[in-house]
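Student: Got a sequence here, can you model it:
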Amino acid sequence: MTIKENLALAYLAGRGIEFGALNNPLPVDEALTNVTFADRLTRRQALEIFPELRGLTESIVEPDIIVDFNDLASLTSLAPQKFDFLIANHFIEHLVNPIQFLEGCSEILPVGGILFLTVPDKDETFDRNRTLTTNSHLWRDYRRRESRISRSHLRDFLRNKEVVDTPHPEVVKYFENNGIPISYYDGNRLPANPFKRKRLYDFHRQRSIHVHVWNRLSFDNFLSWVNEKLNLGFDVMCTHQPEDVVGEMIYVLRKQQ
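Tutor: Next comes the predicted model:
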């Protein structure tokens with residue numbers, strides 16, 4: 001059993017909600033938990049946008065609730081349901097406004113509630129060539145109430161992500177059907193033609209790229225900084241040594257006030 005699974009079994013009990021599970025929901029103790037699933041897309045919509053997952057259709061979770069996670073009001077509308085825990089696995093990096101998301105989680109959870117949070121380590125993913133997101137950048141997006149992936153974020157992702165050597169056949173087909181040369185997906189190039197560039201941006205905006213990227217040190221810093229700055233009331237109940245988990249950072253946060 002992995003460290004993530006052990007932490008989930010140790011800390012999650014009662015009624016909870018998992019955000020963006022897609023085809024990889026967090027294993028929990030079903031005798032102790034009742035999990036609701038929330039996402040921005042239905043299963044059918046997800047399969048249209050992520051054609052490479054069509055072979056995993058049955059494993060994709062059909063969400064119970066559709067939520068616009070980049071809209072604070074949509075997120076905090078979950079508060080009356082009184083969840084004991086929230087799960088956000090490989091989720092926060094897809095959001096335009098991570099500070100707003102954490103603020104919403106703080107509003108949703110009661111005192112004693114748990115936020116189970118995992119974040120990819122950019123140094124171990126296709127983001128390894130990208131520049132770490134700064135706290136000042138995140139604060140600017142928060143102050144502006146940004147809710148849509150910007151062109152600058154898309155350009156950064158497309159120019160600096162690791163090149164995909166062999167795109168999935170379903171992705172190739174999707175590009176062909178939409179009139180976008182697959183080389184623009186595979187080669188970190190931006191089309192000179194503005195219409196093709198817009199189609200490429202729209203494709204990645206729909207799929208929700210890794211808008212922001214962190215490593216262990218930078219996310220530890222961000223979490224501590226924003227928790228104090230906005231008085232979110234979270235305590236880190238448990239995490240792990242960086243060397244014990246490769247590719248992601250895992251945090252169990254408890255709402256203390």
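Student: what residues are up against T239?
Tutor: Neighbouring residues of T239 by CB atoms under 8 Å, 6 or more residues apart in numbering: M249, I250, Y251, V252. Backbone N, C-alpha and C define where each C-beta goes, glycine included.
Student: wait, which of these is closest to V119?
Tutor: Among the contacts of T239, M249 lies closest to V119 (CB to CB), at 4.9 Å.
Student: can you count the residues close to the closest one?
Tutor: 21 (other CB atoms under 10 Å).
Student: gap between the closest residue to it other than its chain neighbours and E243?
Tutor: Distances taken as CB to CB, 6 or more residues apart in numbering put V119 closest to M249, at 4.9 Å, once the chain neighbours are dropped. Distance, V119 to E243, using CB to CB, to the nearest Å: 17 Å.
Student: out of these two, which sits in the more crowded spot?
Tutor: For V119 versus E243, the count of surrounding residues by other CB under 10 Å is larger for V119: 25 against 7.
Student: what secondary structure does that one sit in?
Tutor: strand (DSSP: H, G, I helix; E, B strand; the rest coil).
Student: I figured E176 was touching E170, is that so?
Tutor: No - E176 is not in contact with E170 according to CB atoms under 8 Å; the separation is 10.7 Å.
Student: Quick check: which ranges of this structure have low pLDDT?
Tutor: Counting by pLDDT under 70, the chain contains low-confidence residues at 164-165, 184-189.
Student: Quick one: residues contacting the most centrally placed residue in it.
Tutor: Residue closest to the average C-alpha location in the chain (CA atoms, centre = their mean): F91, at 1.6 Å. Counting by CB under 8 Å, 6+ apart, F91 makes contact with F19, G20, F69.
Student: and with 7 Å instead?
Tutor: Neighbouring residues of F91 by CB atoms under 7 Å, 6 or more residues apart in numbering: F19, G20.
Student: Ok, E248 next?
Tutor: T118, V119, P120, D121.
Student: Going by neighbour count, which of those comes out on top?
Tutor: For the contacts of E248, neighbours tallied by other CB under 10 Å; top is V119, 25 neighbours.
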